[in-house]
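Asks: model the following, please.
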Amino acid sequence: MMKTRFYKSLQMKNILFSVGLIIALLLTSCNKEQSAAKTQQANPVAVNLFTLKKAQENQPYIMVSGTVAADNAAQISTRHMGYVKAVYAKLGEKVKKGQSLIHISNTELSAQLAQVKAKQTEARAAFLNAQKDYERYTQLFKQNSATQKELDDMQTQYSMAQARLKAAQEMQNEIESQFAYTQIKAPFTGTITSKNVQVGDLAKPG
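Replies: Numbers count the residues shown, from 1 in each chain. Model prediction:
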């Protein structure tokens, strides 16, 4: 009888010890969770709050729609017709202002420039010759060795040669300025959102 009571008392002590151990573990776990929660609350995340119009009772939320638009946007095109020789920009790539995006072949411009330079050389030679004739006839006219009509003719030829030389120079400047259009560059710093050209395509103005 004494042994039975002793065993029962021992079992009760074991049960109480186990229950006490479980409670201690639970309290320890709760303390750790509270400590972790306090640690997380110690470093708040900065957020931006916006005040919205008060929702109606039968509509617990507000639905809005909008469009994302860039501050600066440009659709880049060419002013020179030619085949696309190289495309440096990629879709989604960030580019800086003045960075080359597309290179268009300038073979035709180079040929036109060579022709204009040849015409300019001829016009300069004709101008120098007409200038010498006009100066000579001016001296002859002063010496009464040339008539007024002859002097007027030399002056007319000199003026025409001068005009042809000026026209050739302006044409050369115009063609040389076209070479700048064969290199399409970024007008401002931004991101490429669409690309509708490939190497080998024929680029046309507009």
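Asks: CA atoms for contacts and neighbours, from now on please.
Replies: OK.
Asks: walk me through the domains of the protein.
Replies: Following automatic domain parsing, one gets these domains for the chain: 1-30, 82-203.
Asks: helices of this protein, start to end?
Replies: 2-41, 107-142, 148-178 (DSSP state H).
Asks: on that earlier part again, okay, the domains of the chain in TSV with mean neighbour count and mean pLDDT next?
Replies: As requested, the domains of the chain are exported to TSV (neighbours: other C-alpha atoms under 10 Å; pLDDT from 0 to 100):
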stretch	mean neighbour count	mean pLDDT
domain 1-30	11	47
domain 82-203	16	88
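Asks: could I get the ones you listed as a markdown table with distance to Ser65?
Replies: Rendered in a markdown table, the data for the domains of the chain read as follows (distance: least, C-alpha to C-alpha, whole Å):
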| stretch | distance to Ser65 |
| --- | --- |
| domain 1-30 | 44 |
| domain 82-203 | 22 |
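Asks: nearest to Ile76, out of these?
Replies: Go through these one by one with C-alpha to C-alpha and the one that ends up closest to Ile76 is domain 82-203, at 8.0 Å.
Asks: what about the closest one, how long is it end to end?
Replies: Its start and end residues considered, domain 82-203 measures 5 Å (C-alpha to C-alpha, to the nearest Å).
Asks: just stretch 189-203 next, same as before
Replies: 23 Å.
Asks: show me what it is in contact with.
Replies: Contacts of stretch 189-203 from elsewhere in the structure, counted by C-alpha atoms under 8 Å, 6 or more residues apart in numbering, are 78, 80-87, 89-97, 104.
Asks: ok, stretch 165-172 next?
Replies: Residues lying outside stretch 165-172 but in contact with it, judged by C-alpha under 8 Å, 6+ apart, are 113, 116-117, 119-120, 123-124, 127.
Asks: OK, contacts around Gly98?
Replies: Contact criterion C-alpha under 8 Å, 6+ apart gives 185-188 as the residues in contact with Gly98.
Asks: go with 10 Å
Replies: Under the criterion of C-alpha atoms under 10 Å, 6 or more residues apart in numbering, the neighbours of Gly98 are 184-189.
Asks: what does Gln131 give?
Replies: Taking C-alpha under 10 Å, 6+ apart as the contact definition, Gln131 lies against 125, 154-155, 157-159, 161-162.
Asks: do you know how far it is from Tyr158?
Replies: To Tyr158, Gln131 is 6 Å away according to C-alpha to C-alpha.
Asks: again, but for Val116
Replies: Separation of Val116 from Tyr158 (C-alpha to C-alpha) stands at 21 Å.
Asks: now swap in Thr147 and tell me
Replies: As for Thr147, its distance to Tyr158 is 17 Å (criterion: C-alpha to C-alpha).
Asks: ok, now Gln139?
Replies: When distances are taken as C-alpha to C-alpha, Gln139 and Tyr158 turn out to be 15 Å apart.
Asks: repeat that for Thr78.
Replies: Look at Thr78 and Tyr158: by C-alpha to C-alpha, they are 41 Å apart.
Asks: cool, Ser65 as well?
Replies: Applying C-alpha to C-alpha, one obtains 73 Å for the distance of Ser65 from Tyr158.
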